[in-house]
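Student: A structural model of the following input is requested.
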Amino acid sequence: MTEINLDDMNLEDVLSLDDMKCRPEIVSQIKFDVTPQMMMEPRFQSKPDDLARLKEISGYIFYIETETETPGVMLLKIGRTDITTTIGHIAEVPAGMVRDAIDNPVLPPIHGMFAISDEIRDWLKKALSV
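Tutor: Numbers count the residues shown, from 1 in each chain. Alright, predicted model coming up:
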């Protein structure tokens with residue numbers, strides 16, 4: 001495993017499942033209940049309610065990316081200033097689970113991003129030992 005500085009990442013530098021397992025500062029901040037839809041809700045930094053909401057969702061979320069050649073489960077960092085960066089790709093999630101989550105979405109997709117299914121959530125929690 002190569003040490004990747006999250007602030008200096010390039011598009012080619014995405015964390016793998018094994019990389020994530022070695023990064024408790026990431027795993028402990030994964031928000032399994034935050035969806036792409038929640039992340040995309042409009043917020044205004046000047047409104048106290050919106051700032052509080054951003055604080056609740058900042059951390060890391062999993063989503064399914066469909067704007068790539070092969071759809072996959074990705075890890076997205078949501079910063080406290082509302083800046084997001086995709087930092088991980090979990091290639092080990094069974095393709096059938098990903099296809100099922102796309103074919104039977106738990107929420108409508110937003111900008112090619114699908115929320116993960118309960119089946120994928122359970123798989124990820126087991127894989128990350130959380």
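Student: If you count neighbours, what's buried in the least confident helix or strand in the chain by mean pLDDT?
Tutor: When the helices and strands of the chain are scored by mean pLDDT, DSSP states H and E, helix 48-57 comes last with a mean of 77. Judged by neighbour count (16 or more other C-beta atoms under 10 Å), helix 48-57 contains these buried residues: Leu54, Ile57. C-beta coordinates here come from the backbone N, C-alpha and C atoms, glycine included.
Student: got it, and stretch 79-89?
Tutor: Thr86, Ile87, Gly88, His89.
Student: among those residues, which are in strands?
Tutor: Thr86, Ile87, Gly88, His89 (DSSP state E).
Student: Turn those residues into CSV, columns for distance to Leu128 and pLDDT.
Tutor: Listed next are these as CSV, based on distance: C-beta to C-beta, whole Å; pLDDT from 0 to 100:
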residue, distance to Leu128, pLDDT
Thr86, 17, 93
Ile87, 15, 94
Gly88, 11, 95
His89, 14, 95
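Student: Which members of those residues are the farthest-apart pair?
Tutor: Distances among these were taken as C-beta to C-beta; the most separated pair is Ile87 and His89, at 9.0 Å.
Student: Between these two, which contacts overlap?
Tutor: Val14, Leu15, Leu75 (C-beta atoms under 8 Å, 6 or more residues apart in numbering).
Student: Which stretches in the protein count as strands?
Tutor: Using DSSP E, strands in the chain cover 59-65, 72-78, 84-90, 113-114.
Student: and the last one, what other elements does it pack with?
Tutor: When you say that, I think you mean strand 113-114. helix 36-40, strand 59-65 (3 or more C-beta pairs under 8 Å, 6 or more residues apart in numbering; DSSP states H and E).
Student: State the mean pLDDT of the first one.
Tutor: What helix 36-40 shows for mean pLDDT is 85.
Student: which parts of it are buried?
Tutor: Those would be Pro36, Gln37, Met38, Met39, for helix 36-40 by 16+ other C-beta under 10 Å.
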